[in-house]
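**Q** Provided below are the primary sequence and the corresponding predicted coordinates.
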Amino acid sequence: MSVWVVLPVKPLNRAKSRLADVLSADQRQRFAEMTLRHILETTRSARQVTGTLVISRDNKVLSIARDFGARTVQESGQPALNPALMRATQLLASWNAGSILVLPADVPLIGIDDVTDMIRLAGTHEQCVVIATDRLHDGTNALLVRPPGLLEYDYGPGSYQRHLDQAHVLGVHVAEYHSHNLQYDLDIPEDIDAFYQAVFGRTVPDGVSLAEAFDELQSAFERRMMG
């Protein structure tokens, strides 16, 4: 059964705006582009993935996506995430996609095993939802839906429980995927310290700014992605 990954990506020059008080625009854009390339390489390398569809209004994002063999959808204006995902779902349904795996663009630790394990948890169920949350059990950091359109996307604060509740009401097979790699995303300053502990096994040292700690993390991410 075919599985398509959907990757919604904000314009790189506006990435992680909630971190503007602690990270420079260059740091935020560099992180966003690095993570985008890593996720595209990860999904391209996962044999169970039929293809990846990137939706964005940033031409540079779409160009990078095509370099990795992904299909693209150009958004215009300032589309909200949930309607944009639904439009992508309708498109993929018209391509006879069997399942859709929605990934965020800010999970730099994601690996091929995370993608394949989520697909494996779906098993052979004709109707199912596989979900992974963040470290605070609040947001949805990966969401596999079979068939496309089974679930109404409801991203935003508290989306993890809402997606779970919706799946249970539908009475379909539900699996929760617990992943060290997927639970870390980058939205708020506290996430930098959480990433730092996850990667280096200690908190950000006294006297080290979050911007300086982030530069260490960025270097660690890049080394990890280069193998």
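**A** Good, I have the coordinates. Since we're looking at a predicted model, the values are computed, not measured.

**Q** is residue 72 in a helix, a strand, or coil?
**A** Judged by DSSP: H, G, I helix; E, B strand; the rest coil, the three-state class of residue 72 is strand.

**Q** shaky segments in this protein?
**A** Residues of the chain that meet the criterion pLDDT under 70 lie in 78, 226-227.

**Q** all helices for it, in order.
**A** Counting by DSSP state H, the segments of the chain that form helices are 25-45, 59-67, 81-94, 112-122, 159-170, 189-200, 210-225.

**Q** buried residues of the fifth one, list them for me.
**A** Meaning helix 159-170. When burial is assessed from 16 or more other C-beta atoms under 10 Å, helix 159-170 yields the following buried residues: 159, 160, 162, 163, 164, 166, 167. All C-beta spots, glycine's among them, are computed from the backbone N, C-alpha and C.

**Q** before we move on, back to that, for residue 3, find the nearest of the helices of the chain.
**A** helix 112-122 (5.6 Å; C-beta to C-beta).

**Q** restrict that closest one to CA atoms and write it as CSV.
**A** Taking C-alpha atoms only, helix 112-122 is exported to CSV below (Å, rounded to 0.1, in the frame of the first residue of the first chain):
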residue,chain,number,x,y,z
ILE,A,112,14.9,6.3,8.6
ASP,A,113,13.9,3.9,11.4
ASP,A,114,11.3,6.4,12.7
VAL,A,115,9.7,6.5,9.3
THR,A,116,9.7,2.8,8.7
ASP,A,117,8.5,2.0,12.3
MET,A,118,5.5,4.3,11.9
ILE,A,119,4.6,2.6,8.7
ARG,A,120,5.1,-0.8,10.3
LEU,A,121,2.8,0.1,13.2
ALA,A,122,0.0,0.8,10.7
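
**Q** list the buried residues in that helix.
**A** Buried-residue list, helix 112-122, by 16+ other C-beta under 10 Å: 112, 114, 115, 116, 117, 118, 119, 121, 122.

**Q** using TSV, please lay out the residues you listed together with distance to residue 189.
**A** Shown next, in TSV, are the buried residues of helix 112-122 (distance: C-beta to C-beta, whole Å):
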residue	distance to residue 189
112	30
114	25
115	29
116	33
117	30
118	29
119	34
121	33
122	35
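
**Q** what's next to stretch 33-49, contact-wise?
**A** 3-5, 7, 9, 12, 52, 54, 61, 64-65, 68-70, 101, 103, 105-108, 110-112, 114-116, 119, 218, 221-222, 225 (C-beta atoms under 8 Å, 6 or more residues apart in numbering).
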